[in-house]
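K.L.:
show me how the following folds:
(chains A and B)
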Amino acid sequence: MPRAATERTCVLRLENISLSFDEESKVLDNVSLEMWTGDTKIILGAAGAGKTVMFKVALGLLRPTSGRIYLFGEDVTDYGENRWFDVRARIGVLFQEGGLFDSLTIEENVAYPLVNRYHKTADEVHPEVEESLQFVELGHTLEKFPSELSGGMRRRVGIARAGISDPDLLLYDSPTAGLDPITANNIMALIIQEREMRNATSAIISHRFQDGHIMANFRYNPESKRLEQIPDDSPLRRGTRFVVMREGRIVFEGSERELDASADPYIAKFSMMRSAH
Amino acid sequence: MLDILKSPIVTFQEFILLAGRATTNIIRRPFYASDVILQMDTIGVGSLPITILIGFFSGAVMALQMSRALSQYGATGQVGQITAITLVREMGPVLTALLVAGRNASGIASELGSMKVTEQIDAMRALGTDPVKKLVTPRLIATCFTLPLLTIVADFIGIIGGYLVAVPLLALTTSSQYWNNAWRALEYNDIAQGLLKPLVFAYIISLVGCLYGIRTTGGTQGVGRATTQAVVVASVWIFVCTFLITRVFVNL
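P.N.:
Okay, the predicted model is just below:
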């Protein structure tokens, strides 16, 4: 199913965001970022570069010291927690370690956004939950607890939970961190599949240059049920941008080709082509 | 100088804000009744056996200690009165609170701390749930409900402990005199402070546990630190508050 040519609107705009926890150092330093409908952003950077903090600011989980946040066309910077809940209902998130609730079963975890937001009963949402879990190939784990699953499986449950409420914006925080290459590639395939199926705008944080490469070059073909190369002229390719962060600042934003061509040794570290040599 | 004071003042301010939010949430939807019941089971029923044990021995020890002091004045008949007053006014509430602080302030801090470091609290907020409503308020309600009940149990078992030492073991007094004295010694003032204290302590235990849990940073090591701090801070405040409440009631 090709991406529908929907009207492009600004989904997320961060405007000169700065954040510091103490007076000495800034965790985010004048960060500006824009995401339009259908865009894919691949956010790369070393540990401690501020990638996760930027996500949390975009979700309203951390308040910036200065700057403005716009989500779905509204200035949400000064929203109180209750108004943020309405905004966050349109965003799906996968946290670093999955962020699953230990005390709930896998079924309850995945059902949580629907039960909590739309006040549905567990029975009402059961078919949707089962379908979501089957999508991540974990349909058999409904009754299990997160502690009984492996790291990769927990991440997959997190993906199912992030997508269940059909969000307009999907944020994935380090979905492949600490996983073996085969599991990591499977997770990336799922994320690409979810991007195509839900037609959502997505941003993904990673330290692995391979993740960005897969996101930028492959799409899911529902007919053959496989990943295939994105044609050069596809809007999907144009909408996929790489962002490199360093010490709280965005030091690069551009296409994969521009990333490969960068002369900066820090930025070049995240280029698949350059790292291969 | 001011820098040293900054951290405790900020913590106290956070405590007051959390207390305010958790309290107003009691009457705000949504209500998490199942969480409240689960917490009552953990905090109340879970602490019951050890409360009975501690209550019994504190009453027994009190009677033993008093036996020698009272026999010097030939007033061994008063043992029931002294045991009852000491237990109801002070020992029952404070010992029970310290016990629950050790058991549950630490439990709450480590549970919430683990949730914090594994981003479950962030996930909760991202999925539209207020963690104060879902995690803090049920623990506050459960502690406020169960701690006074546990204290009453500890008081009563303590008086029985005192009785077993004073009457069958040491024959200091007769059974009817012990119970008569114990019953008559208690005034409304004693009962009032004996029940007000556990309510205040319940606030301290649950909210200090929650506050230190929610503020946890720095991975598993941070969880350990939060747990220790929660127990220490809760215990210290229990003593400070019992002094302040007693100071007020002494003058009444």
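K.L.:
buried stuff in stretch B:211-219?
P.N.:
Judged by neighbour count using 16 or more other CB atoms under 10 Å in any protein chain shown, the buried positions of stretch B:211-219 are B:211-216. C-beta coordinates here come from the backbone N, C-alpha and C atoms, glycine included.
K.L.:
can I get those residues in JSON lines including pLDDT, distance to chain A and secondary structure?
P.N.:
JSON lines is the format used below for the buried residues of stretch B:211-219 (pLDDT from 0 to 100; distance: CB to the nearest CB, whole Å; DSSP: H, G, I helix; E, B strand; the rest coil):
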{"residue": "B:211", "pLDDT": "95", "distance to chain A": "17", "secondary structure": "helix"}
{"residue": "B:212", "pLDDT": "95", "distance to chain A": "18", "secondary structure": "helix"}
{"residue": "B:213", "pLDDT": "95", "distance to chain A": "14", "secondary structure": "helix"}
{"residue": "B:214", "pLDDT": "93", "distance to chain A": "13", "secondary structure": "helix"}
{"residue": "B:215", "pLDDT": "92", "distance to chain A": "13", "secondary structure": "coil"}
{"residue": "B:216", "pLDDT": "92", "distance to chain A": "15", "secondary structure": "coil"}
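K.L.:
neighbours of the residue nearest to residue A:88 when sequence neighbours are not counted, how many?
P.N.:
Nearest residue to residue A:88 in three dimensions, chain neighbours excluded: residue B:126, at 5.5 Å (CB to CB, 6 or more residues apart in numbering or on different chains). Neighbours of residue B:126 under the rule other CB atoms under 10 Å in any protein chain shown: 26.
K.L.:
same question, residue B:7
P.N.:
9.
K.L.:
what of residue A:229?
P.N.:
In terms of burial, residue A:229 registers 10 neighbours under the definition other CB under 10 Å.
K.L.:
pretty sure it is touching residue A:220, no?
P.N.:
No. Using CB atoms under 8 Å, residue A:229 is not in contact with residue A:220; the gap is 11.7 Å.
K.L.:
leaving out chain neighbours, which residue sits closest to the residue in the stretch 51-200 of chain B that chain A sits nearest to?
P.N.:
Using CB to the nearest CB, the closest approach of the stretch 51-200 of chain B to chain A is made by residue B:123 at 3.5 Å. Nearest-residue entry for residue B:123: residue A:99, 3.5 Å, with adjacent residues in sequence omitted and distances by CB to CB, 6+ apart.
K.L.:
residue contacts, that neighbour?
P.N.:
Neighbouring residues of residue A:99 by CB atoms under 8 Å, 6 or more residues apart in numbering or on different chains: A:93, A:158, B:118-120, B:122-123, B:126.
K.L.:
apply 7 Å and report the result again.
P.N.:
Neighbouring residues of residue A:99 by CB atoms under 7 Å, 6 or more residues apart in numbering or on different chains: A:158, B:119-120, B:122-123.
K.L.:
residue B:151 now?
P.N.:
By CB under 7 Å, 6+ apart, the residues touching residue B:151 are B:92-93, B:96, B:194, B:198.
K.L.:
ok, now residue A:73?
P.N.:
Applying CB under 7 Å, 6+ apart, we find residue A:73 in contact with A:9-10.
K.L.:
swap in residue A:237?
P.N.:
residue A:230.
K.L.:
tell me which element the most centrally placed residue in chain B is part of?
P.N.:
By CA atoms, centre = their mean, the mean C-alpha position of chain B lies nearest to residue B:97, the distance being 2.2 Å. According to DSSP states H and E, residue B:97 maps onto helix B:92-100.
K.L.:
contact partners of the helix or strand just after that helix?
P.N.:
Scanning forward in sequence from helix B:92-100, with DSSP H and E defining helices and strands, the next element found is helix B:106-117. Outside helix B:106-117, the residues that touch it by CB under 7 Å, 6+ apart are B:121, B:135, B:139, B:206, B:209-210, B:212-214, B:216, B:219-220, B:222-223, B:226-227, B:230-231.
K.L.:
now residue A:255: phi and psi?
P.N.:
phi -80, psi 170 (degrees, to the nearest 10).
K.L.:
now residue A:42
P.N.:
Torsion angles at residue A:42 (phi, psi; degrees, to the nearest 10) stand at phi -110, psi 110.
K.L.:
of the contacts of helix B:106-117, select the buried ones using a ChimeraX command.
P.N.:
Command for ChimeraX that selects the buried part of the contacts of helix B:106-117, burial taken from 16+ other CB under 10 Å:
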select /B:121,135,139,206,209,210,212,213,214,216,222,223,226,227,230,231
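K.L.:
excluding its own residues, what touches stretch B:201-217? List them.
P.N.:
When contacts are defined by CB under 7 Å, 6+ apart, stretch B:201-217 is touched by residues B:14-15, B:18-19, B:22, B:93, B:97, B:100-101, B:104-105, B:108-109, B:111-113, B:116-117, B:121, B:135-136, B:139-140, B:143-144, B:147, B:222-223, B:226, B:229-230, B:233-234, B:237-238, B:241.
K.L.:
CA atoms only for stretch A:204-223, dumped as PDB, please.
P.N.:
Included here for stretch A:204-223 are C-alpha records, laid out as PDB according to Å, rounded to 0.1, in the frame of the first residue of the first chain:
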ATOM      1  CA  ILE A 204      13.700   6.900  15.700                       C
ATOM      2  CA  ILE A 205      16.600   7.300  18.000                       C
ATOM      3  CA  SER A 206      19.500   5.100  17.500                       C
ATOM      4  CA  HIS A 207      23.300   4.700  17.900                       C
ATOM      5  CA  ARG A 208      23.400   2.100  15.100                       C
ATOM      6  CA  PHE A 209      24.100   3.500  11.700                       C
ATOM      7  CA  GLN A 210      22.500   0.400  10.200                       C
ATOM      8  CA  ASP A 211      19.100   1.300  11.600                       C
ATOM      9  CA  GLY A 212      19.100   4.600   9.800                       C
ATOM     10  CA  HIS A 213      20.200   3.000   6.600                       C
ATOM     11  CA  ILE A 214      17.400   0.400   6.700                       C
ATOM     12  CA  MET A 215      14.800   3.100   7.600                       C
ATOM     13  CA  ALA A 216      16.000   5.400   4.800                       C
ATOM     14  CA  ASN A 217      16.200   2.700   2.000                       C
ATOM     15  CA  PHE A 218      13.600   0.200   2.600                       C
ATOM     16  CA  ARG A 219       9.800   0.000   2.700                       C
ATOM     17  CA  TYR A 220       7.400  -2.700   3.400                       C
ATOM     18  CA  ASN A 221       5.500  -4.400   0.600                       C
ATOM     19  CA  PRO A 222       2.300  -5.800   2.000                       C
ATOM     20  CA  GLU A 223       1.700  -8.000  -1.100                       C
END
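K.L.:
do that stretch and chain B meet?
P.N.:
No. Under the criterion of CB under 7 Å from any CB of the partner chain, chain B is not reached by stretch A:204-223; the shortest gap measures 13.0 Å.
K.L.:
need the contact list for residue A:59.
P.N.:
Residues touching residue A:59, when contacts are defined by CB under 7 Å, 6+ apart, comprise A:88, A:91, A:93, B:126.
K.L.:
which of these are buried, as a ChimeraX select command?
P.N.:
The buried subset of the contacts of residue A:59, as determined by 16+ other CB under 10 Å, is captured in ChimeraX by this line:
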select /A:88,91,93 /B:126
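K.L.:
out of the contacts of residue A:59, which are inside helices?
P.N.:
Counted as lying in helices by DSSP state H, out of these, are A:88, B:126.
K.L.:
picking up where we left off before, and the contacts of residue A:99, which is closest to residue B:38?
P.N.:
Proximity of these to residue B:38 was ranked by CB to CB; the top entry is residue B:120 with 16.4 Å.
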